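# Below are the sequence and a predicted model for it; my questions follow.
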Amino acid sequence: LAFCRGRVVRVPKGPLIRVVGTEVVIPCSVSDYDGPSEQNFDWEFSRETVFLRIVSTWDSTFTSEEYQTRVGHGDIKLRRSSNDAVELVIRNIQPTDQGRYKCSTPSTDATVQGNYDAEVQVKVISDGLSVSGSKARSSASLRLSEGDSFKLRCSAITSSPEHTHLHVAWQIKSGSTWRDILSLTHEGKFHPGPGYEERYRNGDIRLDTGANDTYRLSVSQASSVDAGAYRCLVSEWVRGADSSWQKIQEKNVEIASVAIQRTDVVISTSNVSVTERDSLDLTCNITTDRSGIFQAEVTWYFSVSPDDTLSDAQVLLSMDRDSVVSDSTLISLSHVDRNSYRLLVRDVDVEDSGYYFCQAAVWVPLHNGSWHKVVERTSAPVSVVVTALEPDYEVFLNASKTPKFSDDPTELNCRITNAQDTEANIRFMVSWYYRQRLRSDDVVTEELLATMDADWTLLLGDRSRERAQNGEIIFSKKAADTFSLRIQWTSESDRGDYFCVISAWSRHRNNSWVKSKDVTSASVSVFWATQDYTLTVEAVKLKPFFVAGHTFEMTCKVSSKNIKTPRYSVLITAEKPLTDQSNPNGTTRIISLNQDSVVRLEDWTDQTRVDGVVLEKVQENEFRYRMYQTQISDAGLYRCVVTAWSPGGGGMWREAVNGLSNPIQIDFQMSGPVFNVTVHSDSPTIYQGELADLLCIVTMEGMALEPDDMSFDVSWFAVRSFALDREPVLLASLDRRGIVTQSRRNGSSDLSLERISPLEFRLRVHSCEDHDFGNHYCVVTPWVRSATGVWQREPDIKAKPIFLSVKMDVLNAFKYPLLIGIGLATVIGLLSCLIGYCSSRWCCKKEVQETRRERRRLMSMEMD
């Protein structure tokens, strides 16, 4: 392909048939060339054998003398369409221009390859196309009414010696441009112009052929877009040598000018405003210049919006072309004159406000006696406003009950006064609003409390919904002209301004209710002066000196101010030393008594002294706390936490203020022994399955005690980590009565806890597993019997933890698996040998017959 590549010059395939007097355009292009992108072209002409030079793109002296005049006048010229293509244009071609035209390109290639010129034959034929309008006159003026029909005729004939086809197109002039309506192509196909496709499919536009080569355009249902000048455009086409169609000439003739008189539908009045119960009078006028027989069909519509379509609008009344009116009670439609139709609406209501418009269709009779609708128009909507007859009344709001303290009731009455022009069709409804009072100038929007609509339905606002459902706020109607708002228990959040709005509702013809007027009352302020609540609590120790085992007693006296009928709840708390392990936070809630005098034990966990604490109410503002058989562990600071309560809504109590008393200290002089605890193990590192022994040893310093005068509660704990960063786990405990309690375990190991001496306690872990490792420690609670025979509990003592490590015995772990493996391998080996021996002995034995060979001595090599 690379060797065959070369310059290619192309012209259309001939012969090119053209009509005398028309313009001829012959294109020429070059491709696959070397050199500059812009190529030059030379054109020559020959009638027989000799070529005459016509024109060139690069040499102005190229033109022959015979063509210099036509080239100079521009009748023959070159038009460049691209760098590698030009067009030869010959205006007003004549029969002498018939012949061969050659297009050549000067070489710009490095080597000569391809063709450098091309020829095309041009044949010039005579003009045989004739186009004319109607025989009566070539141009006419038609004046039609909208919806009429009209026809236009055009005649076109050709006497060309070649086999040519005609293309006939009807066009209309809108503005300064011509638009296609409908055409019959040279291939015999009908083609509607843009915008005429639907009318062509409906048959409103047709193109028919008749005798004497006539082409008739028929237009039905003429509209304003059909007004303008009409012409008939005829072009002559011939099939070229390459089987493509080529247009050789075109002619047109203006046929007629058509004017369309528009039919309009208007309502005689513009925007209308009427009063309720009056009549509404509207007239629909049809504007048309028709002088013949026609009938109108009129329909009146109503819509609430001017943008509604006919399908969304409501049909009021309609009159057909026979003047038959649809039935209606309050609306009538009458035919005033030939082109006017009157709509009368009696006793209008507010709901009749909206937009009214009419639709009119014009019908004309046909020759066969039937009626044909020629046009249909809809008027612009007219706005109608119906002014309601508003009742005249005033609204007065007063407070029949105002609160002086919190939780007092509040009652507001909203009354209608000076009511005039009120009928049985008027209902009065109320809406209640609340506005918060602020000291600053900030604008606060009102909040809706409740509203009542025309069917007596009460709608609650977000602010009052829950309280109204609980009965704390009551909305009622005391009389026909009085509405009431009652707050059963007024709180501080209810302080503010209240006002009511009385709405007048009117009943319409369809028994629906529409709000016609709102009147707002003056606001009423609900407010009372408030002072801060004060509460004072004083704790008094009744017995200044006592020893362990005796009864501790203190009283709490309460005084309050600015609290309405208060009641008190009391809580006794104790702040223990930080060394107390039972409560790391330091504060213990012991016992409480609520405002209804119900006593409850809080965090008191000493089961042996369940009845050891008592809290009672001595007077309305005085409470007494007693603790029997006090222990050394009870040392600390004791306080009274008092809460004042005031009566709330619905019989409930509302918390007012809290108070804390001064502390009362319980302190015992420590003159007894001092205990210490240590944990010891002879073997802190053991193997799995072995026994672990842990000893909890109690030592005593100071005063010596008999073994019968002391006892211990011992608890063992474990932390399953190398560092003490996890929660301790209780393993087992032994109380001072000798009862052992074990926690639930998940593994196969077991625990035992025993007392081996008065001051030594041993914990054993049997068949240790790997999860038994960790830090182990014991917590000891000493109990000492006093001289009076009362057992006193000492503070808990925690021992320093010891780490227990559990290792795995590798030899014991692999001993049995190795023995079993060696045994199985030996048995399988012996069994394999036995099977092989038996198979070779009895199963696979063959009898071999050996042939007897002669014994001959080998010959020496010399003899061979």
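Thanks, I have the structure now. Nothing here was measured: the structure is a model prediction, and the numbers come from that model. Numbering: from 1, shown residues only.
# Domains in this protein, by residue range?
What the TED database lists as the domains of the chain is 8-125, 129-261, 265-387, 394-526, 534-666, 674-807.
# And the contacts of the helix or strand hosting V677?
Per DSSP states H and E, V677 falls inside strand 674-680. Strand 674-680 has contacts (Cβ atoms under 8 Å, 6 or more residues apart in numbering) with 694-702, 776-778, 780, 782, 794, 797-802. (Each C-beta comes from the backbone N, C-alpha and C, glycine too.)
# that older thread, rebuild the domains of the chain as TSV, extending it with mean pLDDT, distance to W842 and mean neighbour count.
As requested, the domains of the chain are arranged in TSV below (pLDDT from 0 to 100; distance: least, Cβ to Cβ, whole Å; neighbours: other Cβ atoms under 10 Å):
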stretch	mean pLDDT	distance to W842	mean neighbour count
domain 8-125	89	97	16
domain 129-261	87	101	16
domain 265-387	82	108	16
domain 394-526	84	103	16
domain 534-666	84	85	16
domain 674-807	87	52	16
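# Extract the CA atoms of whatever helix or strand V641 lives in and return them as PDB.
V641 is located in strand 636-647, with elements delineated by DSSP H and E. These are the backbone C-alpha positions of strand 636-647, laid out as PDB (Å, rounded to 0.1, in the frame of the first residue of the first chain):
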ATOM      1  CA  GLY A 636     -16.300   8.900 111.600                       C
ATOM      2  CA  LEU A 637     -18.200  12.100 110.900                       C
ATOM      3  CA  TYR A 638     -22.000  11.900 110.900                       C
ATOM      4  CA  ARG A 639     -24.300  14.400 109.200                       C
ATOM      5  CA  CYS A 640     -28.000  15.000 108.500                       C
ATOM      6  CA  VAL A 641     -28.900  15.700 104.900                       C
ATOM      7  CA  VAL A 642     -32.300  17.300 104.800                       C
ATOM      8  CA  THR A 643     -34.600  18.000 101.800                       C
ATOM      9  CA  ALA A 644     -37.500  20.400 102.100                       C
ATOM     10  CA  TRP A 645     -40.600  19.500 100.100                       C
ATOM     11  CA  SER A 646     -43.700  21.700  99.200                       C
ATOM     12  CA  PRO A 647     -47.100  20.500  98.000                       C
END
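# Tally up the residues packed near T530, please.
Counted with other Cβ atoms under 10 Å, residues neighbouring T530 total 11.
# Name the nearest residue to V698, sequence neighbours excluded.
L759 (4.3 Å; Cβ to Cβ, 6 or more residues apart in numbering).
# what does E254 give?
Nearest one to E254, counting by Cβ to Cβ, 6+ apart, is R231 at 4.4 Å.
# For G21, see how far away that neighbour is.
Remark: distance between R231 and G21 (Cβ to Cβ, to the nearest Å) = 21 Å.
# The longest strand that the chain contains pairs with which strands?
If you go by DSSP state E, the chain has its longest strand at strand 245-261. Next to strand 245-261 in the sheet, as set by DSSP bridges, lie strand 140-145 (parallel), strand 228-239 (antiparallel).
# What's the end-to-end length of stretch 187-204?
End-to-end distance for stretch 187-204, by Cα to Cα, to the nearest Å: 23 Å.
# Let me fix that, I meant to ask about stretch 486-505.
25 Å.
# swap in stretch 628-645?
OK, stretch 628-645 end separation, Cα to Cα: 30 Å.
# Just to be sure, L389 is in a strand?
No. Looking at L389 with DSSP: H, G, I helix; E, B strand; the rest coil, it is coil, so not inside a strand.
# From V385, how far off is the nearest residue to it once chain neighbours are set aside?
Nearest residue to L389 in three dimensions, chain neighbours excluded: E276, at 4.8 Å (Cβ to Cβ, 6+ apart). Distance check for E276 against V385: by Cβ to Cβ, it reads 11 Å.
# cool, V598 as well?
For V598, the distance to V385 equals 71 Å [Cβ to Cβ].
# got it, and N418?
When distance is defined by Cβ to Cβ, N418 is 28 Å away from V385.
# T643 is in contact with E655, correct?
Yes. Counting by Cβ atoms under 8 Å, T643 is a contact partner of E655 at 6.1 Å.
# and stretch 800-807, how far out from the chain's middle?
Relative to the centre of its chain, stretch 800-807 is centred 61 Å away, using Cα atoms, centre = their mean, to the nearest Å.
# Which SSE is immediately downstream of the strand holding V677?
Elements were assigned by DSSP H and E; along the chain past strand 674-680, the next helix or strand is strand 685-687.
# who does that next one pair up with?
Paired strands of strand 685-687, defined by DSSP bridges, are strand 802-807 (parallel).
# for the protein, what's the longest helix?
helix 810-838 (DSSP state H).
# Next, the buried residues of that one.
For helix 810-838, the neighbour count (16 or more other Cβ atoms under 10 Å) marks no residue as buried.
# Pull up the gap between R726 and H776, please.
Taking Cβ to Cβ, one finds R726 at 13 Å from H776.
# Ok, E351 next?
Using Cβ to Cβ, E351 is found at 91 Å from H776.
# what's the answer for M700, then?
23 Å.
# mind listing the strands in the stretch 351-500 of the chain by residue range?
Secondary structure of the stretch 351-500 of the chain (DSSP state E, counting those that start in this stretch): strands located at 354-365, 371-378, 382-387, 392-401, 410-420, 426-435, 447-452, 458-460, 473-479, 482-487, 496-507.
# Tell me which of the ones you listed sits nearest to P106.
When the strands of the stretch 351-500 of the chain are compared by Cβ to Cβ, strand 371-378 sits nearest P106, at 69.6 Å.
# quick one: contacts of the closest one?
Here strand 371-378 makes contact (Cβ under 8 Å, 6+ apart) with 145-148, 221, 223, 263-265, 286, 294-295, 297, 310, 321, 357-366.
# repeat for stretch 242-253
With contact meaning Cβ under 8 Å, 6+ apart, stretch 242-253 is reached by 12-13, 16-19, 22, 127, 129, 131-133, 138, 154, 164-165, 167, 171, 186-187, 231-240.
# Among these, which are located in strands?
Using DSSP E, the contacts of stretch 242-253 in strands are 16-19, 129, 131-132, 154, 164-165, 167, 171, 231-239.
# Pairing partners for the host helix or strand of K617, with directions?
Under the criterion of DSSP H and E, K617 resides in strand 613-619. Here strand 613-619 has these sheet partners by DSSP bridges: strand 622-627 (antiparallel).
# how far off strand 636-647 does the partner strand point, in degrees?
Interaxial angle of strand 622-627 relative to strand 636-647 (axes from the mean of the first three to the mean of the last three Cα atoms, to 10 degrees): 140 degrees.
# How about residues contacting strand 622-627?
Contacts of strand 622-627 (Cβ under 8 Å, 6+ apart): 551-558, 568, 570, 572, 591, 593, 612-618, 634, 638, 640.
# switch to 10 Å and redo it
With contact meaning Cβ atoms under 10 Å, 6 or more residues apart in numbering, strand 622-627 is reached by 537-540, 542, 550-558, 568-570, 572, 574, 590-591, 593, 604, 609, 612-618, 634, 638, 640, 642, 664, 666.
# Centre of the chain to that strand, how far?
63 Å.
# can you offset everything so residue one is 35?
Okay, residue one is now 35; in that scheme the one you just asked about reads as strand 656-661.
# okay, that strand in PDB with CA atoms only?
What follows is strand 656-661, C-alpha atoms only, in PDB (Å, rounded to 0.1, in the frame of the first residue of the first chain):
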ATOM      1  CA  GLU A 656     -36.800  17.700 114.700                       C
ATOM      2  CA  PHE A 657     -35.400  14.200 114.000                       C
ATOM      3  CA  ARG A 658     -33.500  11.800 116.200                       C
ATOM      4  CA  TYR A 659     -30.900   9.200 115.100                       C
ATOM      5  CA  ARG A 660     -29.700   6.300 117.300                       C
ATOM      6  CA  MET A 661     -27.100   3.600 116.800                       C
END
